[in-house]
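> Sequence and predicted structure are below.
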Amino acid sequence: MPDVKRVIVGVSESPAGLAALRHAVAEARRADCVLIPVLAWTTPGGETAYYQYPVPSALREWQMLARKRLDTAFEEAFGGFPTDLVIRPIVPRAPAGTALVEIAGAPGDLLVVGAGRRHWARRLVRSSVTRYSLAHAKCPVVAVPPPELLGEVSFKARTLRRFRGRVTSDWTAAMPDPHS
């Protein structure tokens, strides 16, 4: 990447989000630049609902919870904030894609986002931060795929759910006794 001055990363606690965070930290170390982790949040029920029934104390609580989620992501990915980087976290109240694209608009910025799993039904329900970032960012964007293990674990979980109803409660009775 040519002359990266800031690495902006969309933070979430999902496997793809943690992979993106790890990649962003590696990029910031390689470029010896500032890391800006961004965990965007919106009010439960949406902004329209909040404007109809504003509760400032709840707003402060939601912002504090978003900051805790950002701290938790670093805790899960690294055991805490890396001490060898300059880190300037941002927790904006905005849709994630919009916030990331606005923050990552300067020359020398690199935006890192988690690609998530591709599932057609999920795309119908909500838009993708990754697609939004790729379409609207004015800087290079790195879309980090989820770990390969995620697909394997997901397959095993689906298989277990499928067979769960077929196993009877006395299945251990059919097993041979290991002590005999």
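All right, it came through fine. Residues are numbered from 1 along each chain as shown.
> How about E76, nearest residue that isn't a chain neighbour?
Leaving aside its chain neighbours, E76 sits nearest to L18 (6.0 Å; criterion: Cβ to Cβ, 6 or more residues apart in numbering). All C-beta atoms are positioned from the backbone trio N, CA, C, and that covers glycine.
> outside of the host helix or strand of the one you found, which residues touch it?
Per DSSP states H and E, L18 falls inside helix 15-31. By Cβ atoms under 8 Å, 6 or more residues apart in numbering, the list of residues contacting helix 15-31 from outside reads 1, 4-5, 7-12, 34-35, 37, 73-74, 76-78, 82, 84-85, 110, 112-117, 142, 144-147, 150.
> And the buried ones among these, selectable in PyMOL?
Burial among the contacts of helix 15-31 is assessed by 16 or more other Cβ atoms under 10 Å; the matching PyMOL selection reads:
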select buried, resi 4+7+8+9+10+11+12+35+37+73+74+77+85+110+112+113+114+115+116+142+144+145+146+150
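> Quick check: strands, which of the contacts of helix 15-31 are part of them?
Within those, residues falling in strands by DSSP state E are 7-10, 34-35, 37, 110, 112-114, 142, 144.
> Ranking helices and strands of the protein by mean pLDDT, which lands last?
Every helix and strand in the chain was compared by mean pLDDT, DSSP states H and E; the lowest is helix 120-125, with a mean of 48.
> before we move on, the earlier item: would you mind listing the two of the ones in strands among the contacts of helix 15-31 that lie farthest apart?
The most widely separated members of the ones in strands among the contacts of helix 15-31, counting by Cβ to Cβ, are V34 and G114 (20.1 Å).
> That concludes my questions; thank you for your assistance.
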